[in-house]
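Novice: below are the sequence and a predicted model for it; my questions follow.
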Amino acid sequence: MTKQVKRYSEAFKLQVVSEYEARSNVSDLQKKYGITGGSTIRRWIKKYAKEGFRHELVRIQTAQEARRVKELEKQVQELEQVLGKVTLEKLKLESILEELEEAYGVEVKKNAVRSSRDLSEKSESSQDKR
């Protein structure tokens, strides 16, 4: 009885390695493609992968550093919430401004800083024209 020897094309090997680089793991790839050799895919990764084997990141830090990271993550979350509120407020004010511009027929330059007196004088003059 003869033993069957499998030969894989380079294109196939590159496909398997690219799937590995896209976050598949070796055992899943072995099952998916029926590759029985325990080190076959690992050799392909070593030969063809851009960055070699993936390694799990293990962060070693003191308790103080861990607390600081949690504090900063909480601060980021709070700032994101505040930013969301400010963005909504800005949109609300812009829509109110557009409504007022349409209602009074006055174009307000958004970048120019005007005093309330200037606005009231302009508003009175536009009402006098009606």
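Specialist: Thanks, I have it.

Novice: tell me, what residue is most central in the chain?
Specialist: Nearest residue to the geometric centre of the chain (Cα atoms, centre = their mean): residue 80, 13.6 Å.

Novice: which SS state does that residue fall under?
Specialist: Following DSSP: H, G, I helix; E, B strand; the rest coil, residue 80 is assigned to helix.

Novice: swap in residue 6?
Specialist: Applying three-state DSSP to residue 6 yields a three-state assignment of coil.

Novice: one step back: and the residue nearest to the centre of the chain, how far is that from residue 73?
Specialist: Plainly put, residue 80 is 11 Å away from residue 73 if you go by Cβ to Cβ, to the nearest Å. (Each C-beta comes from the backbone N, C-alpha and C, glycine too.)

Novice: what separation do you get for residue 28 and residue 44?
Specialist: Per Cβ to Cβ, residue 28 is found 15 Å from residue 44.

Novice: between the two, which one's more packed in?
Specialist: Legend: neighbour count by other Cβ atoms under 10 Å for residue 28 and residue 44, higher for residue 44 (22 against 11).

Novice: contacts only, for the closest residue to that one other than its chain neighbours.
Specialist: The shortest distance from residue 44 to any non-neighbouring residue, by Cβ to Cβ, 6 or more residues apart in numbering, is to residue 13 (4.7 Å). By Cβ atoms under 8 Å, 6 or more residues apart in numbering, the contact set of residue 13 is 44, 47, 48.

Novice: for the chain, give me the ranges with low pLDDT.
Specialist: Applying pLDDT under 70 to the chain picks out residues 51-58, 109-130.

Novice: can you map out the strands along it?
Specialist: Read by DSSP state E, the chain holds no strands at all.

Novice: mind giving me the domain split of it?
Specialist: 10-48, 64-129 (automatic domain parsing).

Novice: now render the ones you listed as JSON lines, adding distance to residue 2.
Specialist: Formatted as JSON lines, these follow (distance: least, Cβ to Cβ, whole Å):
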{"stretch": "domain 10-48", "distance to residue 2": "17"}
{"stretch": "domain 64-129", "distance to residue 2": "60"}
